[in-house]
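K.L.:
all I have is the shape, not the residue letters:
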């Protein structure tokens, strides 16, 4: 158990809809990362938050947005969904400062299917 | 050319075999090299972490980095059915997660 919790585990929705994925990082971790994993693209970095602030952006579409709340949980919002958005979405967290070993701790993922 | 390339497999080996998993990369500035293991329907978990060139051993696992060839390897000795998973290589300029570049993963099956 990595200590990172993601909900929901599975989600099926239709094109054009909007969904929200939720992540709770490990206790004490201030950094949260979102990744998308698909068969043809592998694990792609989307966005990072650190203590409530956006820290880095990767290959995140404009239809996607995220935020990190004061209790450090994070949400990834996916809107105007397309078939190609079907993928596994992972959240990861890491320690910061002198505790940062570079290790990312991943949740079990949210599997999104867009029909 | 992708920044990190990895043979997707699947790779099937008998129990007890020595497994070699490999990645090549194009960015010579990468300094940190990692192997993550991902079981089916689970998130990736860190298996090995090396800095710069050389070998690192941990039990049945050995990670090798050859920066001159831009090539990294993970060797698994005495492979077990419990090693069946997808192995993702990852590398970075630094140890900050937002800069990690992951390979697509190699699916390994160890047959009893």
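P.N.:
Received, thanks. Because the structure is a prediction, the values reported are computed rather than measured.

K.L.:
please report the distance of residue A:36 from chain B.
P.N.:
According to CB to the nearest CB, to the nearest Å, residue A:36 and chain B sit 11 Å apart. In this view, the C-beta of every residue, glycine as well, is placed from N, C-alpha and C.

K.L.:
what lines up beside the helix or strand harbouring that residue in the sheet?
P.N.:
In this assignment (DSSP states H and E), residue A:36 forms part of strand A:31-38. The pairing partners recorded for strand A:31-38 under DSSP bridges are strand A:42-50 (antiparallel), strand A:87-94 (antiparallel).

K.L.:
could I get the average pLDDT for the next helix or strand along the chain from the longest one?
P.N.:
Looking back up the chat, that one is strand A:42-50. Next in sequence after strand A:42-50, counting helices and strands by DSSP H and E, comes strand A:53-57. For strand A:53-57, the mean per-residue pLDDT is 95.

K.L.:
what's the angle from strand A:53-57 to strand A:31-38?
P.N.:
Angle, strand A:53-57 to strand A:31-38, by axes from the mean of the first three to the mean of the last three CA atoms, to 10 degrees: 40 degrees.

K.L.:
give me the contacts around the strand holding residue A:36.
P.N.:
Where contact means CB atoms under 8 Å, 6 or more residues apart in numbering or on different chains, the residues beyond strand A:31-38 that reach it are A:23, A:25, A:43-51, A:55, A:59-60, A:66, A:68, A:72, A:74, A:76, A:86-96, A:104, A:106, A:109, B:97-98.

K.L.:
switch to 7 Å and redo it
P.N.:
Strand A:31-38 is touched from outside by A:23, A:25, A:43-50, A:66, A:68, A:74, A:76, A:87-94, A:96, A:104, B:97-98, with contacts defined as CB atoms under 7 Å, 6 or more residues apart in numbering or on different chains.
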